[in-house]
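Student: Show me the folded form of this:
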Amino acid sequence: MALVTDFIDFVSTTWNKYAVYTSSYAGNYGPTLKHAKKVPSQGKTAGQTLRQRSVQDKAAGSYTLADVASHDRPGDCWIVVKEKVYDVSHFADDHPGGTVISTYFGRDGTDVFATFHPPAAWKQLNDYYIGDLIREEPLDELLKDYRDMRAQFVREGLFKSSKAWFLLQTLINVALFAASIATISLNKSYWAITLSACFMGLFVQQCGWLAHDFLHQQVFENRTANSFFGYLFGNCVLGFSVSWWRTKHNIHHTAPNECDEAYTPLDEDIDTLPIIAWSKEILATVQSKRILRVLQYQHYMLLPLLFMARYSWTFGSMLFTFNPDLSPTKGAIEKSTVAFHYIWFSWAAFHLLPGYAKPIAWMVASELVAGFLLGFVFTLSHNGKEVYNESKDFVRAQVVTTRNTKRGWFNDWFTGGLDTQIEHHLFPTMPRHNYPKIAPQVEALCKKHGLEYDNVSVAGASIAVVQALKEIADAATVRLHAD
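Tutor: Residues are numbered from 1 along each chain as shown. Below you'll find the predicted structure:
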């Protein structure tokens, strides 16, 4: 009876958290952010705000970082970019990138701004300029070197993509899809269904990497073209909402493995309680003995959970598309493109396979394989690395929370370039085919400034993740016995 009660409590906790988690994305400030408070826009559009500021602007002032840090909340937020101070209090609600802007309220956002924004965005900064930054201490040498390195890579053309290379990746994906469909067209046995599902799962994983490339603006100079193909590979092929993913993923890039003061994760990728705790500090926030009983086995649960990853993501995406906070246009685009995924996927299953059992088996197996292949790569990249609750500069935050795996032609392809995850986090808009070219310089930068450049084998990374989970699981066991 106790086991049944524990299970009911566990499912209830998971569902309640997940419902809040998914419904928050379309709002301005979800519960994942440091200041979980949605500030009303008071009916102002972005254009109205600009017109208001043009009338009310005062003479520019001079501010220290301490001055800026005191304006770190929704409704009262300043940001530093290239030694200039900007008041984005009224703009934050209209920020095209969503809630991610809040992760740099009251901070120097130079590097994150340069990393994620197109040239046109720099021109808009003038509308929010209120003064210059006075540095009481010189700029960190690491940040100076990083900015010099980025400028060098721009001069060398390393942010320009090879369209032929991305076309080749697309053709490989088409071949995987064709292999999957051909297999169940020619043979209806369960062995053929299993093989076809493996091809389909690999196809979905690889399309996920292409969606990732396009949505990071790696392929085309035109952002609309990147978004179009992002929706094609993301919503239509994978069945996940691009808008849902963008908000989640942008915060992951600006605040990887970061928590607030109470160790509530800001990065949704580590917000996995009550199933998994990724640090002892996060574990310390758990008060329920029932959840602790689950967490003491978390290192055994990782593998089966990876197989279920696709169901979690597609469910979250589906909920997001029905969020009433979405604009009518965006809501229609999200619903129709995600629906298209389920239409073609179901049609392929029930048109090519007889009865009900075999089509359903093929669909379920394809999802399980895709979930594992995607989740496995994600897990190696950040899990088992530092989880922190104090502000770090952009470069340190990326390096200390990220792990590379040893490169090779297969690993480069299989991981979608995320075997060079450190390089990706430092330069996310750089085409992934250029990461191997810059890896030696990034490693040298880390060595110069005393940062670990974590680069291990896939096996070594897997062991590190499981060992980290076991240490936390053991801590959960100790707490249970202590009570």
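Student: Domain ranges for this structure, per the record?
Tutor: As given by automatic domain parsing, the domain ranges for the chain are 1-32+139-483, 46-138.
Student: Let's have those in JSON lines, adding mean neighbour count and mean pLDDT.
Tutor: All C-beta spots, glycine's among them, are computed from the backbone N, C-alpha and C. Below are the domains of the chain laid out as JSON lines (neighbours: other CB atoms under 10 Å; pLDDT from 0 to 100):
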{"stretch": "domain 1-32+139-483", "mean neighbour count": "18", "mean pLDDT": "92"}
{"stretch": "domain 46-138", "mean neighbour count": "16", "mean pLDDT": "83"}
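Student: Now do the SS call for residue 392.
Tutor: With DSSP: H, G, I helix; E, B strand; the rest coil as the basis, residue 392 sits in coil.
Student: backbone phi and psi for it, please?
Tutor: Main-chain dihedrals, residue 392, degrees, to the nearest 10: phi -120, psi 150.
Student: List the residues that contact it.
Tutor: Applying CB atoms under 8 Å, 6 or more residues apart in numbering to residue 392 gives the contacts 258, 400.
Student: can you give me the helices in the stretch 151-300 of the chain?
Tutor: With helices called from DSSP state H, counting those that start in this stretch, the stretch 151-300 of the chain shows them at 163-186, 190-215, 223-231, 242-254, 280-283, 289-295, 298-307.
Student: Out of the ones you listed, flag the one nearest residue 481.
Tutor: Among the helices of the stretch 151-300 of the chain, the nearest to residue 481 by CB to CB is helix 289-295 (10.3 Å).
Student: and the closest one, C-alpha only, in PDB?
Tutor: Provided in PDB are the C-alpha atoms of helix 289-295 (Å, rounded to 0.1, in the frame of the first residue of the first chain):
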ATOM      1  CA  LYS A 289      10.500  11.300   1.600                       C
ATOM      2  CA  ARG A 290       8.600   9.700  -1.200                       C
ATOM      3  CA  ILE A 291      10.500  11.600  -3.800                       C
ATOM      4  CA  LEU A 292      13.800  10.800  -2.000                       C
ATOM      5  CA  ARG A 293      12.900   7.100  -2.200                       C
ATOM      6  CA  VAL A 294      12.700   7.600  -6.000                       C
ATOM      7  CA  LEU A 295      15.900   9.600  -6.300                       C
END
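Student: Can you name every helix or strand that it contacts?
Tutor: Judged by 3 or more CB pairs under 8 Å, 6 or more residues apart in numbering; DSSP states H and E, the packing partners of helix 289-295 are helix 2-23, helix 458-482.
Student: What distance do you get for residue 175 to residue 232?
Tutor: Distance from residue 175 to residue 232, counting by CB to CB, to the nearest Å: 18 Å.
Student: brain fart, residue 60
Tutor: Between residue 60 and residue 232 the distance is 45 Å, computed by CB to CB.
Student: Likewise for residue 474?
Tutor: Distance of residue 474 to residue 232, computed by CB to CB: 46 Å.
Student: Quick one, which of the helices of the stretch 151-300 of the chain gets closest to residue 109.
Tutor: With CB to CB as the measure, helix 242-254 is the member of the helices of the stretch 151-300 of the chain nearest residue 109 (8.7 Å).
Student: Next, the angle from that closest one to helix 190-215.
Tutor: Put simply, helix 242-254 runs at 70 degrees to helix 190-215, going by axes from the mean of the first three to the mean of the last three CA atoms, to 10 degrees.
Student: list the helices and strands helix 242-254 packs on?
Tutor: Using 3+ CB pairs under 8 Å, 6+ apart: helix 242-254 touches helix 110-116, helix 190-215, helix 223-231, helix 309-321, helix 328-352.
Student: Would you format those helices as TSV with distance to residue 134 included?
Tutor: Output for these, formatted as TSV (distance: least, CB to CB, whole Å):
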stretch	distance to residue 134
helix 110-116	15
helix 190-215	38
helix 223-231	35
helix 309-321	43
helix 328-352	41
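Student: Between these, which one is closest to residue 371.
Tutor: Taking CB to CB, helix 309-321 is the member of these nearest to residue 371, at 3.4 Å.
Student: Convert that closest one to PDB, retaining C-alpha atoms only.
Tutor: Provided in PDB are the C-alpha atoms of helix 309-321 (Å, rounded to 0.1, in the frame of the first residue of the first chain):
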ATOM      1  CA  ALA A 309      12.500  11.700 -23.900                       C
ATOM      2  CA  ARG A 310      10.600  12.100 -27.200                       C
ATOM      3  CA  TYR A 311       7.300  11.700 -25.500                       C
ATOM      4  CA  SER A 312       8.100  14.300 -22.900                       C
ATOM      5  CA  TRP A 313       9.200  16.900 -25.600                       C
ATOM      6  CA  THR A 314       6.300  16.300 -27.900                       C
ATOM      7  CA  PHE A 315       3.800  16.400 -25.100                       C
ATOM      8  CA  GLY A 316       5.300  19.700 -23.900                       C
ATOM      9  CA  SER A 317       5.100  21.100 -27.400                       C
ATOM     10  CA  MET A 318       1.500  20.000 -27.900                       C
ATOM     11  CA  LEU A 319       0.500  21.700 -24.700                       C
ATOM     12  CA  PHE A 320       2.400  24.800 -25.800                       C
ATOM     13  CA  THR A 321       0.500  25.100 -29.100                       C
END
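Student: what helices or strands is it leaning on?
Tutor: Counting contacts by 3+ CB pairs under 8 Å, 6+ apart, helix 309-321 packs against helix 2-23, helix 242-254, helix 328-352, helix 357-382.
Student: who's in contact with stretch 348-361?
Tutor: With CB under 8 Å, 6+ apart as the criterion, stretch 348-361 contacts 181, 184-185, 188, 190, 193, 346, 362-363.
Student: Please identify which of these is nearest to residue 260.
Tutor: The nearest one, if we look at the contacts of stretch 348-361 relative to residue 260 and count by CB to CB, is residue 363, at 39.2 Å.
Student: how close does the residue nearest to that closest one when sequence neighbours are not counted sit to residue 336?
Tutor: Spatial nearest neighbour of residue 363, chain neighbours left out: residue 349 (5.0 Å); criterion: CB to CB, 6 or more residues apart in numbering. Distance, residue 349 to residue 336, using CB to CB: 21 Å.
Student: need the contact list for the nearest residue to residue 369 once chain neighbours are set aside.
Tutor: Spatial nearest neighbour of residue 369, excluding adjacent residues (CB to CB, 6+ apart): residue 201 at 2.7 Å. The contact partners of residue 201, by CB under 8 Å, 6+ apart, come to 365-373.
Student: Let me have those residues in JSON lines, adding distance to residue 467 as columns.
Tutor: JSON lines is the format used below for these (distance: CB to CB, whole Å):
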{"residue": "365", "distance to residue 467": "30"}
{"residue": "366", "distance to residue 467": "31"}
{"residue": "367", "distance to residue 467": "29"}
{"residue": "368", "distance to residue 467": "26"}
{"residue": "369", "distance to residue 467": "26"}
{"residue": "370", "distance to residue 467": "27"}
{"residue": "371", "distance to residue 467": "23"}
{"residue": "372", "distance to residue 467": "20"}
{"residue": "373", "distance to residue 467": "23"}
